Every structure is written in C-alpha cells, then in structure tokens.
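Asker: Next one to model:
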Amino acid sequence: MSSTLVRTRTRRPAVWISTVLVSTGLVLGACSNDSSADESTSTASTSSASSSESTTAASASTTDATTTEETITSTAEAAQAFLDTLSDEEKETVLYDYDDETKTTSWSNFPVTFVERAGLNLADLTDEQKDAALNVLENLLSDEAYETVEGIMNGDEYLLENSNSTEDSLGQYYIAFFGDPSDTDAFEVQFGGHHLGINASLDGSEGTITFAPTHLGVQPAVYTDADGSEVQPFDGIYTDAFAFFDSLTEEQQETLTSGDVTMCAPGDVCDFETGDGLSGADLTDEQKELLLDLIASWSEMADEESNAATRAEIEATLDETVIAWSGETTYDMSSGDGINFSISGPNVYVAFQAQQGSAGADVDGVSTSGWGHVHTIYRDPSNDYAGSIEQQEASGMGGGPAGGAPGEMGEGAPGEMGDAPAGGPGSDSE
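Answerer: The predicted structure follows:
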C-alpha cells in the first residue's frame, strides 16, 4: 500500500466531537411521546460546524481522494494506522471476519444501552486512538458527508450538556472492521451509535464502495455549538427534499402524498415493497436529478468517482422507483410535526421519519421532537453489505420487533420505524 494518501483535514475533528469522545456521555433512552418545546427556525438557517486543528496517529497529506482507488487506499491506511495504536486485546475486539453476521445485528437506531455495538467504544480509547479512529472516517467520507456526521455527533453532545435526559451514555460511538483493512481485498468500516450507523463496504479488488445500509439521525434539528454558531446537520437533506417536492406539479404532489410511506427499520430484515406513490417514470429529467440529489445524502458519501458510479446504478432503475410523502409540505420548522417520506426501488431504499417524541431529552426553547428528532435509513435491496452477507433477523430492540421503545423506529410491528405518520405508512419487514 502507498503511504501517501492518508490525509487529515486541519479544520476537524470539531471541538465538540473531541469533548463527547473524552466524556462518558449518555445515550437517549427509549423515545416517548412527550411533547417538546416549539422552536421558530427560519428556512434560511444554514449549517455551520465548529472546528479545531486535528492531530492523528496517521501521516498527513493535503490531497483529498477523488477516485475510488484513492479512497480505498487512504481509508485502509488510516485504519491500519488506527490498529497500530491498539493493544493485541483491543485489536481482537475491533476486528471481525468479513462475512461475520455480527455486522448485520450490531448497528441500530436504538441507543447503545439497548443494542450492543461491535468493536471498540471510542470513550474507552486514548486521545491518540480517538483521533486515529476519526481519521478513518475523514479518509472515507467526503467533506460534506463528514460535516453531516460531525453535526450529528455534536448534536448528541449538545443534548448531553443541555437536555434533561437522565440517561448516562449519550454520545457513545463504536468502530469496528469486518475483514482486514486493505486496498486489495474487501473490508467494511462500521461506525456509529444512537443517531448514526455507517456500514461502508470497500473492495479494492472490484474498485467499489457502498454505504448500504446506513442510518443517519438527528436531534435536535438546530443547536448552537461551543463557538456560538448555529448548526443544522440536516439542512442539506431538508433543502433537497423540498426542492424535489416543490418541483412537482399539483397533480404529482397529490399522487406523492396519497401514497404509502413504507418503513424498514435499521438492522431488520425487509422485503422492500414499494407501495403506492409517485413513480420515477412520471418525473421529468429535471425532477429526476432533484430526486437523485436527495438520495445522494445517503448513497454518495465518498469520492466523486464512487459517488458517480452509485448514482448511475440508482438512475438506471429510477423509473421503477416509487416515492411517497406525508406530513408538512413547506420547509418551516416553526410549525407542524415534520415530514416522512420513502423512496423505494430495485437499487435504492430510503426512509425518512420524524420521531414524535423527545426520548426524554428536552431542552427549553429547542425542538427535540418532530422536525427536531429524525431517524432515516438507506438500504440497497440488490447489494446491502456489498453482497457479503444477508441481513439477519433482528431481535428485541435490535431493529424494531415487539418490545421496541415508544417513538423509535421500531415501535409495534417488526420493521416499523416508530409512530405511524399521517398518510398511513405500512411495515414492509418480513
């Protein structure tokens, strides 16, 4: 492997990420249906993340990867640099066989206190090891994707410091590798906690990267960071979602909102039924591009080349893809309970749901429910985990069968992502 591609970005990791990883933190408990304070947030709010100089155990380079090969090589090198900081016992904990079925059951939208994650808890590592672990993500993700992840994690830290939650593990994140990190063989980077679950499969022999399945969540929608800057991690997703919605004719919008918002919980077995809604075949070329831009928030998280390849695969079957929407029709977080939508096709499944509960993490004057508490899931029905293994049946709170916590994706029947949103979404889990 070349040693020139591992990179660090001098503006990251953010101060708040460093804080959350040093502290023990607490995890959101079972979501409730408690109401949260209203927050008047204008649609002009922009996402802004705090920053500080990053130091890592890996060697630095100022060149960001733009090709799949570069991303795979630099990520593998960063992973090896992280492994080099670990003891033999820690390495044994963080490394799994590539086809170990644990990779399908060790991530969830539920708190880490409910679903045990694979690998090492970053809260248990030294500062050097934490920096090296985050450098793996920096080499894997694009700037935009990393900023979203950074915003999600810092939102947990905000809740830790400002909410009234009594849980004691908010902000705990785990990292694991399935397969030995290499630029010639396949391996997976798994990273996440309660509002985050990244499963990135990288295969140097095939020259491919996939992020299916991946869970992105946010709570709250808007917060103020340690530098006094306003942070809105999902502003880009909301902006793209409403750009697509607003591009539709009244007739198309009526079809979209009368459809079935299907739900497939993270970590659960699903049959990916499309349900009723607006077909991709009924979209104009411009509308299709706006839809692909929205999907990109989950499917295109790496370099330009791999992102383009993933988009082409999804675009090839976009006419067979069905989109459904429920909830608000205007991007105005000062009113209503947020939005829910699903995008279901042969090569893509995205479900987005506003959680009608704060999980007991209430903050005066800040919305931590509805608009302010969102869980999402991205799957590839044809290529989850890069085809390395089939999703195993979730149990307990792993992906939403009976016993799930109120308000979380997973309440009630298996596969449901929580309280049924207006418009009548159904469960599409087996």
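Asker: now the helices for this structure?
Answerer: Using DSSP state H, the helices of the chain run over 15-22, 68-83, 88-94, 102-105, 127-140, 143-162, 235-247, 250-257, 285-299, 304-316.
Asker: List of residues touching the fourth one?
Answerer: It refers to helix 102-105. By C-beta atoms under 8 Å, 6 or more residues apart in numbering, the residues outside helix 102-105 that reach it are 96, 118, 176, 178, 188, 190, 199, 267, 385, 388-392, 394-395, 398. The C-beta positions use only the backbone N, C-alpha and C, and glycine is treated the same way.
Asker: can you do 7 Å?
Answerer: The contact list for helix 102-105 (C-beta atoms under 7 Å, 6 or more residues apart in numbering) reads 96, 118, 178, 188, 190, 199, 267, 385, 389, 391-392, 394, 398.
Asker: surely residue 71 meets residue 307?
Answerer: No - using C-beta atoms under 7 Å, residue 71 makes no contact with residue 307, being 10.0 Å away.
Asker: out of these two, which sits in the more crowded spot?
Answerer: Higher neighbour count among residue 71 and residue 307: residue 71, with 26 against 18, using other C-beta atoms under 10 Å.
Asker: returning to what we had before: for residue 377, which of the helices of the chain is the nearest?
Answerer: Closest to residue 377 of the helices of the chain is helix 285-299 (C-beta to C-beta; 8.4 Å).
Asker: what angle sits between that closest one and helix 143-162?
Answerer: Using axes from the mean of the first three to the mean of the last three C-alpha atoms, to 10 degrees, the inter-axis angle of helix 285-299 relative to helix 143-162 is 60 degrees.
Asker: could you say what helices and strands helix 285-299 packs with?
Answerer: In terms of contact count using 3 or more C-beta pairs under 7 Å, 6 or more residues apart in numbering; DSSP states H and E, helix 285-299 is assigned the packing partners helix 235-247, helix 304-316, strand 348-355.
Asker: of all these, which lies closest to residue 210?
Answerer: Proximity to residue 210 (C-beta to C-beta) singles out helix 304-316 among the helices and strands packed on helix 285-299, at 7.0 Å.
Asker: of the contacts of helix 102-105, closest to residue 293?
Answerer: Comparing those against residue 293 with C-beta to C-beta places residue 199 closest, at 22.4 Å.
Asker: beta partners for that closest one?
Answerer: Assessed by DSSP bridges, residue 199 has beta-bridge partners residue 190.
Asker: Give the burial count for it, as a bare number.
Answerer: 27.
Asker: show me the residues around it that make contact.
Answerer: By C-beta under 7 Å, 6+ apart, the residues touching residue 199 are 103, 107, 188, 190, 211, 213-214, 385.
Asker: Farthest pair within those?
Answerer: Across those, the longest distance by C-beta to C-beta is 13.5 Å; it joins 103 and 211.
Asker: So residue 162 sits against residue 364, correct?
Answerer: No - counting by C-beta under 7 Å, residue 162 sits too far from residue 364 to count as a contact (8.6 Å).
Asker: Those two: which is more packed in?
Answerer: Set residue 162 next to residue 364 and count neighbours by other C-beta under 10 Å: residue 162 wins out with 17 against 9.
Asker: and the closest residue to that one other than its chain neighbours, what is it in contact with?
Answerer: Spatial nearest neighbour of residue 162, chain neighbours left out: residue 363 (5.0 Å); criterion: C-beta to C-beta, 6 or more residues apart in numbering. Shown in contact with residue 363 (C-beta under 7 Å, 6+ apart): 162-163, 220.
Asker: for this protein, what are the low-confidence residue spans?
Answerer: Along the chain, segments meeting pLDDT under 70 span 1-64, 167-169, 394-430.
Asker: Please spell out which residue in it sits farthest from the middle.
Answerer: residue 251 (31.9 Å; C-alpha atoms, centre = their mean).
Asker: gap between that one and residue 219?
Answerer: Taken as C-beta to C-beta, to the nearest Å, the spacing of residue 251 relative to residue 219 amounts to 35 Å.
Asker: Residue 123 too?
Answerer: Distance of residue 123 to residue 219, given as C-beta to C-beta: 19 Å.
Asker: same question, residue 241
Answerer: According to C-beta to C-beta, residue 241 stands 18 Å off from residue 219.
Asker: again with residue 350
Answerer: According to C-beta to C-beta, residue 350 stands 19 Å off from residue 219.
Asker: Neighbour count: those two, which is higher?
Answerer: Neighbours were counted for residue 350 and for residue 219 using other C-beta under 10 Å; residue 219 has more, 31 against 24.
Asker: which residue packs closest to the more buried one, ignoring adjacent ones?
Answerer: residue 373 (4.4 Å).
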